[in-house]
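1. Need a 3D model of the following:
(2 chains, ligands or ions: 1)
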Amino acid sequence: MISKGLFKKPKNELEDHHWVKRQSDPAIPSELCRSCPSCKQLSFTSDLDNNFHICPKCGYHFRINGRQRLNMIIDPGSFTEHHQNLISTNRLEFPGYEEKLEQATLFSHENEGVITGIGKIGGYDVALFVMEVTFMMGSMGQVVGEKITLLFEYATEHHLPVIGFTVSGGARMQEGMLALMQMAKTSGGVKRHSDAGLLYIALLTDPTTGGVTASFAMEADITLAEPEALIAFAGPRVIEQTIRQRLPKGFQRAEFLLEKGFVDGIVPRNIQKDALIRLLSLHSIPKGGDDHGSL
Amino acid sequence: MEAYKRVTLARKKTRPTGQDFINNIFTDFIELHGDRCFGDDPAVITGIGYLLDMPVTIIAQERGKNTKSRIKRNFGSAHPEGYRKALRQMHLAEKFNRPIVCLIDTSGAFCGIGAEERGQGHAIAQNLMEMMSLKVPVISIIIGEGGSGGALALGVADEVWMLENAIYSVISPEGCASILWKDSSKTKEAANCLKLTAQDLLELEVIDKIISENHRDFKNVYRELKLNLYKRFRKSQILSPEILTQTRYNRFRKFGALDITK
Ligand SMILES: [Zn+2]
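-> Next up is the predicted model:
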């Protein structure tokens, strides 16, 4: 940043209330209909549930939580979660952090901002992480960094490919430098996994920003993105304040990154599982035993 | 001393910059330019020189000394090509078995259209990953401001040292105050909460050593850095690449949270 006075607005949607509101509307399960944020058309919630939470009129991908995503990708009944009981503490005694964590736990029904574990995709054994947007915007503190690193270490030891779904507001500032250190730590985990000749596929979803973009989100062998996902180091508002001009339409969206050469492909949600199965197959990943419902 | 005072000192316009450290610690410095992909980023100076009798690779963020050079240097905020230039030099250092010294001084990686378009996040991420497995010794020193990911991109080292009045933070105190409290007048409070001083970070083991300063005269700082770097590199020379990279991995691996289970 050039000038210190430029930080008037949130850096990367981390604490953006507008965003939380937008997220909480569609989360109300009793709602019969939902309005598409993109084309404003109403759709039956049940239709959206059966359509990967994609707007049938315009293809907009509604934001979904980690468990919903997990269920779309993993073979039914094959997932074993790792370290789900790890929770964060307020080591720096940052004001208000305990309350934030408590609210996030209630709001997300998760203990932290990432779900990790092992399971099968089309019968292929994989290590999987899915970041949780409803837990403090998927921001990365020590627990998120630890769970992701543990997953890469486990995958390295057991010769498993890693499939990762990212969504994040960046490093969690309430953990100060200990959060920043997670960027280096997770990168170390990815590097060792890579040096062991193993496959890592990242699927970037809306929004992936800040310290996660500048670490494991951008370190995969194959980087895929969901349509129109915001993928950025600095969020659009920070840039607009820094350079004092409006950004062109579509800037930092998945399609823009594809054009600039930073993602391998854009994969809509309804064909993500098929795409992953084809990629796993092309990398000669051995299929696991069929003890769990493989295809 | 309160944290915000350090912030002010770290950013002080008269504070020596990367180039001063290069001139006063190393001899026969030869600057090497460009990332071989897009351009040459003046916010990062890279090259080779002698540390006493030892050839080393030097990578320094440079803020500039007057208005003209500050603009040229983009106030020390690097674009992706700055990080890629640094990585290119690190790989050369590895090839020719030279230790690497990184001098960190930036308010952050640049936030702009070109920086995003050319993959700022990707450039930083690649440095983190590659530095982790460099087979030569690496020491990073925060000489002024260590601004978040843009600083860490040169900070994955065997040891990280910090000058007494330098700061190293996940976000600027201004940014933190405006995001968390929507109130930029709480900058001082934010500076305290973020634990960004050398003393705080030594306690958290984010850094390994504090270099004391006398802010009128940096001669002692340069001398102390020169001796400490030389001693440290001599010590690393006997280590195998495997031990070197394993130790570096462990250094960052320790920032975990495994003892806390619900
Ligand atoms: Zn629509």
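2. Low-confidence stretches in the stretch 101-250 of chain A?
-> For the stretch 101-250 of chain A, no stretch has pLDDT under 70.
3. Which residue would be the closest one in it to the ion?
-> residue A:228 (11.1 Å; Cβ to the ion). Bear in mind the C-beta positions are built from the backbone N, C-alpha and C, glycine included.
4. surely that residue meets residue A:255?
-> Yes. Here residue A:228 reaches residue A:255: they are 7.1 Å apart, a contact under Cβ atoms under 8 Å.
5. follow-up on the earlier one: wait, what's in contact with the residue of the stretch 101-250 of chain A closest to the ion?
-> Residues near residue A:228 by Cβ atoms under 8 Å, 6 or more residues apart in numbering or on different chains: A:60-61, A:206, A:253-255.
6. Do you know the pLDDT at residue 47?
-> All of this is about chain A. pLDDT, residue A:47: 90.
7. Correction: the question concerned chain B.
-> pLDDT recorded at residue B:47 is 98.
8. partner residues bridging it?
-> Beta-bridge partners of residue B:47, counted by DSSP bridges, are residue B:31, residue B:58.
9. before we move on, back to that, return the distance of the residue of the stretch 101-250 of chain A closest to the ion relative to chain B.
-> Residue A:228 sits 16 Å away from chain B, going by Cβ to the nearest Cβ, to the nearest Å.
10. So what does that residue have for phi and psi?
-> When quoted as degrees, to the nearest 10, the phi and psi of residue A:228 stand at phi 60, psi 10.
11. Next: residue A:233.
-> According to degrees, to the nearest 10, residue A:233 has phi -80, psi -60.
12. Extract the C-alpha trace of the helix or strand hosting residue A:107 and format it as PDB.
-> For residue A:107, the host element (DSSP states H and E) is helix A:97-108. Extracted in PDB, the C-alpha atoms of helix A:97-108 (Å, rounded to 0.1, in the frame of the first residue of the first chain):
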ATOM      1  CA  TYR A  97     -12.000 -12.500  19.500                       C
ATOM      2  CA  GLU A  98     -13.600 -15.100  21.800                       C
ATOM      3  CA  GLU A  99     -17.100 -13.600  21.100                       C
ATOM      4  CA  LYS A 100     -16.400 -13.700  17.400                       C
ATOM      5  CA  LEU A 101     -15.400 -17.300  17.600                       C
ATOM      6  CA  GLU A 102     -18.500 -18.100  19.600                       C
ATOM      7  CA  GLN A 103     -20.800 -16.400  17.100                       C
ATOM      8  CA  ALA A 104     -19.000 -18.100  14.200                       C
ATOM      9  CA  THR A 105     -19.500 -21.500  15.800                       C
ATOM     10  CA  LEU A 106     -23.200 -20.900  16.300                       C
ATOM     11  CA  PHE A 107     -23.700 -19.400  12.800                       C
ATOM     12  CA  SER A 108     -21.700 -22.000  10.900                       C
END
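13. quick one, helices of chain B?
-> B:3-11, B:18-25, B:67-72, B:80-95, B:113-117, B:120-132, B:148-152, B:173-180, B:187-194, B:198-203, B:219-237, B:241-253 (DSSP state H).
14. Pull out the buried residues from the last one.
-> This means helix B:241-253. Buried residues in helix B:241-253, counted by 16 or more other Cβ atoms under 10 Å in any protein chain shown: B:244-245, B:248-249, B:251-253.
15. That helix vs helix B:219-237, what angle?
-> Using axes from the mean of the first three to the mean of the last three Cα atoms, to 10 degrees, the inter-axis angle of helix B:241-253 relative to helix B:219-237 is 130 degrees.
16. now the first one
-> Per the same axes, to 10 degrees, the angle that helix B:3-11 makes with helix B:219-237 is 90 degrees.
17. Let me know the closest of the buried residues of helix B:241-253 to residue A:83.
-> Using Cβ to Cβ, residue B:253 comes nearest to residue A:83 of the buried residues of helix B:241-253, at 15.3 Å.
18. Just give the closest residue to the closest one, not the sequence neighbours.
-> Take residue B:253 and drop its neighbours on the chain: the residue closest to it by Cβ to Cβ, 6 or more residues apart in numbering or on different chains is residue A:185, 5.8 Å away.
19. I'd assumed that neighbour was in a helix, is it?
-> Yes. Under DSSP: H, G, I helix; E, B strand; the rest coil, residue A:185 falls within a helix.
20. Quick check, it in contact with residue A:143.
-> No. Residue A:185 is beyond contact range of residue A:143, at 11.9 Å (criterion: Cβ under 8 Å).
21. so where's the stretch 1-150 of chain B shaky on pLDDT?
-> Using pLDDT under 70, the stretch 1-150 of chain B drops low at B:1.
22. can you pull the buried residues of the helix holding residue A:107?
-> Those would be A:97, A:100-101, A:104-105, A:108, for helix A:97-108 by 16+ other Cβ under 10 Å.
23. Among these, which pair sits farthest apart?
-> A:97 and A:108 (15.9 Å).
24. just so I have it, where are all the strands in chain A?
-> For chain A, applying DSSP state E gives strands covering A:33-35, A:42-44, A:80-82, A:114-121, A:124-131, A:162-168, A:200-208, A:222-225, A:265-266.
25. how about the ones you listed, which one is nearest residue B:8?
-> Nearest of these (Cβ to Cβ): strand A:162-168, 31.7 Å.
26. quick one: buried residues of the closest one?
-> Those buried within strand A:162-168 under the rule 16+ other Cβ under 10 Å are A:162-168.
27. same check, this time on stretch A:153-163
-> A:153-156, A:160-163.
28. In chain B, which residue sits nearest the ion?
-> residue B:116 (26.6 Å).
29. What are the neighbouring residues in contact with that residue?
-> A:232-234, A:239, A:251-252.
30. so who does the residue positioned nearest the centre of chain B touch?
-> Nearest to the geometric centre of chain B sits residue B:104, at 2.5 Å (Cα atoms, centre = their mean). Counting by Cβ under 8 Å, 6+ apart, residue B:104 touches B:61, B:140-144, B:146, B:151, B:154-155, B:168.
31. Out of the residues you listed, which are close to chain A?
-> Applying Cβ under 8 Å from any Cβ of the partner chain, the subset of those adjacent to chain A comprises B:155, B:168.
32. quick one: which of the contacts of residue B:104 is nearest to residue A:181?
-> Using Cβ to Cβ, the contacts of residue B:104 come closest to residue A:181 at residue B:155, 9.5 Å.
33. For that closest one, which non-adjacent residue is closest in space?
-> Once flanking residues are discounted, residue B:155 sits nearest to residue B:140: 4.6 Å by Cβ to Cβ, 6+ apart.
34. Quote the end-to-end distance of stretch A:91-99.
-> Using Cα to Cα, to the nearest Å, one end of stretch A:91-99 lies 14 Å from the other.
35. swap that for stretch A:191-207, please
-> End-to-end span of stretch A:191-207 (Cα to Cα): 24 Å.
36. and that stretch, is it in reach of chain B?
-> Yes. Interface with chain B: stretch A:191-207 contributes A:191-192, A:194-195 (Cβ under 8 Å from any Cβ).
37. same check, this time on stretch A:242-261
-> Yes. Using Cβ under 8 Å from any Cβ, stretch A:242-261 reaches chain B at A:242-243, A:247, A:251-252, A:260-261.
38. State the pair within these that is farthest apart.
-> A:242 and A:261 (23.4 Å).
39. Settle it for me: which of those two has more neighbours?
-> residue A:242 (21 against 11; other Cβ atoms under 10 Å in any protein chain shown).
40. can you tell me how far that one sits from residue A:277?
-> Note on residue A:242: its distance to residue A:277, by Cβ to Cβ, to the nearest Å, is 42 Å.
41. Appreciated, that's everything.
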